[in-house]
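Novice: everything below, folded, please.
(one chain, ligands or ions: 1)
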Amino acid sequence: MSLTRASPITYIQDVPGKGVGLIATSKIPRGTRILAEEPVIVVSETVSTLEAIKSTVASQVDCLTKAQRQTFLSMPSIHPFRNSGEQYLGIVRTVGLPIDADGVSSGVFLEACRINHACDNNAQKSWNRKIKRHTVHALRDIDEGEEITIFYLGQLTKRSERQRSLQANFGFTCTCRLCSLPPKDSEESDKRLEEILRIERAINRGVMDFSHISAPLQMLRQHDIGLPRAHFDAAQILTANGDLARGSVFAKRALDGWIEKEGDDCDQVGEHGPALQDPSKFLVYGFSMKWKTAVDDVPRHLSPDDFEAWLWRRATAGCRKEFADLRDCATFPDFYNCLTRSGGRWQQQCHWCFMAEIVSVDTFLCLRFEVRDVSGKTAPMAFHTEGRGTEISPRDIRTGYTLGILYAERHAFAFGEPGIRQEDAATLKVFPLPMQKLLSLNDSIHQYATAADGARACHGCGRTGVALKQCAKCSMFWYCDKACQTGSWRNLQSSLCPFVFQPTDFDGRVCFPLPSEGVVPNR
Ligand SMILES: C[S@@+](CC[C@H](N)C(=O)[O-])C[C@H]1O[C@@H](n2cnc3c(N)ncnc32)[C@H](O)[C@@H]1O
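Specialist: Numbers count the residues shown, from 1 in each chain. Next up is the predicted model:
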């Protein structure tokens, strides 16, 4: 067994089935900086040909001390080689860590590159631009003798995807606790991870308002994944609407999280620190003042549970919903009235949705439709989403179906007529019925969902003055009994439930499913 001293709190040792690994010499408390290391070999992204990369790596290997060179050559490579140039490159490609610095893309570190992977890693690696070193921080308390592990992949995806990627890029099968769960537990874990990923993507796209972000945030909290970034987003949304009290709490949580996971000299703290310490410095502060509070309004004497209840109250406060009216051309504009540009994420003050019926379908290179809007104008629509339109279920790709596209903008295509360039599958919804049918359904909904002289009509049989029950799905309709509720057009009604929202109640962009889908609004 080899045993080499690494940093004062770690040593390098053989780990069965993994080569060597980094082990804690003594107990390492959560948040401790375990390593801060400079690279001994760097690969620049400006070097473009394989031969040029090989030659720059070889010249850096030649400059290593004897001990460094020995360590470098003992590192694993999953790439076959015929000569030393290929051998060095194979090692760099297998063990290199990403470096997010001008013109440099990856580097070899004599200690950090000995840290093995686990999907439930106990440490986090990150490149620190300020000190130009790779840092590793303890994500939880690590016991003496415990192996230090980091996460090699970009995102925590489901087990099969992780295994595929680890095998392809690093040549091993992960046997960590998360990967060794029994099939049923693993399936559940996969589902949770997929949901977290969906949330993270939506947060990154900036398409969430606070009522959308609060439940997902609580989920991220449980799993401790991506929390500082999510807290940062929550702080921005709240302060953009003038809520400095709650905004400052989330800002502090983001700051503390980044300091704990990456250190107080990390890039995020450098970039956002001043605003996180004083959220009124956020550029978006006060864009709207509809939730106005002051930092001093943070309650001081509440129990932890009551404090959390206060903090999250913003999520449900003012959740007055009603069916948007498809005939309202400000909210549901025709093609000509869709903006050519949104004016930026925070300049926008209301929701809008372009409705159009599919006239023809083409799938060459990407999914493309010709669509007809409410005023009869036809326009091309092309999917420039990640999946080039494969995100849309084939079941929904039918002429005569109607599309709802949130925040659609007119786009000047290089070749052909102006149309819609759809870049985000989550802002599109297919309604399985023609536009005319949707409009007449809309008219009925407004008739039935509105109380005439305080009396509501049963949405099934039309009778008034009876004890009616509220639809649990959308809270908009009232019924005498189950028989009336399961009437012939119940399905059509549910197809419009997505439009239970207040177009002018704008807390940031939303995506489908809208906050109201599956949520019973407060009444
Ligand atoms: C960056 S190196 C880590 C240090 C390496 N164990 C060594 O001996 O130098 C990456 C390589 O370590 C091995 N490795 C890392 N994590 C592993 C794990 N969880 N199970 C098995 N092998 C692992 C794989 O061979 C992988 O290609």
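Novice: so residue 77 belongs to a strand, correct?
Specialist: No: using DSSP: H, G, I helix; E, B strand; the rest coil, the assignment for residue 77 is coil, not a strand.
Novice: helix, strand or coil for the closest residue to residue 302 other than its chain neighbours?
Specialist: Excluding the flanking residues, the one nearest residue 302 by CB to CB, 6 or more residues apart in numbering is residue 310, at 6.3 Å. Using the backbone N, CA and C atoms, a C-beta is placed for each residue, glycine as well. Here residue 310 is recorded as helix under three-state DSSP.
Novice: pick out the least confidently modelled helix or strand of this structure, by mean pLDDT.
Specialist: helix 490-496 (a mean of 51; mean pLDDT, DSSP states H and E).
Novice: quick check: residue 112 vs residue 62, distance?
Specialist: Going from residue 112 to residue 62 by CB to CB, to the nearest Å gives 22 Å.
Novice: quick one, phi/psi of the residue of the chain found nearest the ligand?
Specialist: The chain approaches the ligand most closely through residue 19 (2.4 Å), counting by CB to the nearest ligand atom. Main-chain dihedrals, residue 19, degrees, to the nearest 10: phi 80, psi -130.
Novice: quick check: it touching residue 76?
Specialist: Yes: using CB atoms under 8 Å, residue 19 is in contact with residue 76, at 5.6 Å.
Novice: residues from this protein in reach of the ligand?
Specialist: Neighbours of the ligand within the chain, by CB under 6 Å from any ligand atom: 17-21, 75-76, 78, 94-95, 113-114, 116-118, 170-172, 174.
Novice: list buried residues within these.
Specialist: 20-21, 75, 94-95, 113-114, 116-118, 170, 172, 174 (16 or more other CB atoms under 10 Å).
Novice: and the pLDDT for residue 242?
Specialist: On pLDDT, residue 242 comes in at 87.
Novice: tally of neighbours for it?
Specialist: Residue 242: 19 surrounding residues under other CB atoms under 10 Å.
Novice: for the one 10 residues further on, same thing?
Specialist: When neighbours are counted by other CB under 10 Å, residue 252 registers 16.
Novice: so it sits in a helix?
Specialist: Yes: secondary structure of residue 252 (three-state DSSP): part of a helix.
Novice: low-confidence stretches in the stretch 51-200 of the chain?
Specialist: 101-104, 199-200 (pLDDT under 70).
Novice: mind redoing it with 80?
Specialist: The stretch 51-200 of the chain contains residues with pLDDT under 80 at 100-105, 154-156, 192, 195-200.
Novice: and the helices in it?
Specialist: Secondary structure of the stretch 51-200 of the chain, counting by DSSP state H, counting those that start in this stretch: helices at 66-73, 84-95, 159-170, 183-205.
Novice: so which of the ones you listed is the most packed in?
Specialist: helix 84-95 (a mean of 19; mean count of other CB atoms under 10 Å).
Novice: and it, what does it pack onto?
Specialist: helix 50-62, helix 66-73, strand 104-108 (3 or more CB pairs under 8 Å, 6 or more residues apart in numbering; DSSP states H and E).
Novice: neighbours around the residue nearest to residue 302, how many?
Specialist: Quick note: residue 310 (other CB under 10 Å) scores 16 neighbours.
Novice: begin at 2, not 1, for the rest of this chat.
Specialist: Noted, 2 is the first residue going forward, which turns the last one into residue 311.
Novice: and the pLDDT at it?
Specialist: Confidence score, pLDDT, at residue 311: 86.
Novice: now residue 351
Specialist: Taking residue 351 on its own, its pLDDT is 67.
Novice: so residue 267 sits right up against residue 126, yeah?
Specialist: No: under the criterion of CB under 8 Å, residue 267 is not in contact with residue 126, lying 11.8 Å apart.
Novice: between these two, what contacts are shared?
Specialist: Listed as contacting both residue 267 and residue 126 by CB atoms under 8 Å, 6 or more residues apart in numbering are residue 136.
Novice: mean confidence for the longest strand seen in the chain?
Specialist: Assignment by DSSP state E gives strand 354-363 as the longest strand of the chain. Averaged over strand 354-363, pLDDT sits at 92.
Novice: give me the sheet partners of that strand and which way each runs.
Specialist: strand 369-374 (antiparallel), strand 403-407 (antiparallel) (DSSP bridges).
Novice: and the contacts of whatever helix or strand comes next after the first one?
Specialist: The C-terminal neighbour of strand 369-374 among helices and strands, as given by DSSP states H and E, is strand 379-384. For strand 379-384, contacts defined as CB under 8 Å, 6+ apart pick out 336, 357, 360, 367-374, 390, 392-393, 404, 414, 417-423, 426.
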